[in-house]
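Asker: build me a structure from this.
(one chain, ligands or ions: 2)
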Amino acid sequence: MTDSRTQALRLGVNIDHVATVRNARGGAHPDPVAAAHLAAAAGADGITAHLREDRRHIRDADLARLRAELAVPLNMEMAATDEMVGIALALKPHACCIVPERRAEVTTEGGLDVAGQADALAPRVRALREAGIRVSMFIDPDPAQIASSAAIGAAVVELHTGAYAENRAGELARLRQGAILAAQAGLEVHAGHGLTYDNVGPIAALPQVVELNIGHFLIGQAIFDGLPAVIARMREAMERGA
Ligand SMILES: CC(=O)[C@@H](O)[C@H](O)COP(=O)(O)O
Ligand SMILES: NCC(=O)COP(=O)(O)O
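Answerer: Ligands and ions are numbered 1, 2, ... in the order given. Have a look, this model is predicted:
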């Protein structure tokens, strides 16, 4: 199977950077959960939130409220640590996306090395899966990472589009091939990181990709235009495709 999209491409809105602004002053405003409700009302198909180990943006209490209040699916991004797996098992979000994390990084640099850590990841993926959580691996579009993601029982891969956002021409072919390989391996294919109105089209046009997760650009642009308007414009850009 190389074309797995039978429904409209889903847009997951990542609200992490609403929390970044809130945390700059240490208070409660702006509230990422309120932003998630606004995004859902504006047509987001899901909400993504990354509980970083250092809690630099999303906090445990935000996730608990998101889980309790949202009607749309919650995708929890997290490192594959015992602490995070324990939180996810208690929270039971719709999905968990396992991402690499380095404390000092500004943002997620590159995909998870599933092939190099398969033995450590497999029992964590199994525990999440057995709790009814859909497990995704945030990986580069690399054949070995795709094969290992399937082998350890992930249902989904999210292809890291950060390198594409930096070097569009050089990376699109890798993403195209990665999406085909992942779908052939029976994985649901998502994509995200660094996507904007200008670069989303070719990724949205990949027929295997069924979900995009977009955050930093949407939240930044919402300062100028408001979240409902930027979600609507991003959807238009997705639908226009390449
Ligand atoms: C894994 C990922 O891509 C997202 O978590 C997103 O980048 C927002 O989080 P950071 O900006 O903290 O990396
Ligand atoms: N997994 C990618 C994501 O959730 C959003 O990434 P970005 O748009 O904030 O770079």
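Asker: I'd assumed residue 210 was in contact with residue 183.
Answerer: No - Residue 183 lies out of contact with residue 210 (CB atoms under 8 Å); the separation is 9.4 Å. Glycine gets a C-beta too; all of them are placed from N, C-alpha and C.
Asker: comparing the two, which residue is more hemmed in?
Answerer: Legend: neighbour count by other CB atoms under 10 Å for residue 183 and residue 210, higher for residue 183 (23 against 19).
Asker: out of everything not next to it in sequence, what's closest to the more buried one?
Answerer: residue 208 (4.1 Å; CB to CB, 6 or more residues apart in numbering).
Asker: what do you get for residue 185?
Answerer: residue 150 (4.1 Å).
Asker: roughly how far does that neighbour sit from residue 75?
Answerer: 20 Å (CB to CB, to the nearest Å).
Asker: so for those two, which sits in the more crowded spot?
Answerer: Neighbour count, other CB under 10 Å: between residue 150 and residue 75, residue 75 has more, with 26 against 19.
Asker: buried sites along the one helix or strand residue 163 maps to?
Answerer: Using DSSP states H and E, residue 163 maps to helix 162-166. Of all the residues in helix 162-166, those buried under the rule 16 or more other CB atoms under 10 Å are 162, 163, 164, 165.
Asker: ditto for stretch 191-198
Answerer: Of the residues in stretch 191-198, those buried (16+ other CB under 10 Å) are 191, 192, 193, 194, 195, 197.
Asker: so which of those is the closest to residue 32?
Answerer: Nearest to residue 32 out of the buried residues of stretch 191-198 is residue 192 (CB to CB; 17.5 Å).
Asker: pLDDT weak spots in this protein?
Answerer: Low-confidence segments of the chain (pLDDT under 70): 1-4.
Asker: any residue of the longest helix seen in it touching ligand 2?
Answerer: Scanning the chain for the longest helix, with DSSP state H as the assignment, gives helix 168-184. No - residues of helix 168-184 are not located near ligand 2 by CB under 6 Å from any ligand atom, the shortest gap being 13.8 Å.
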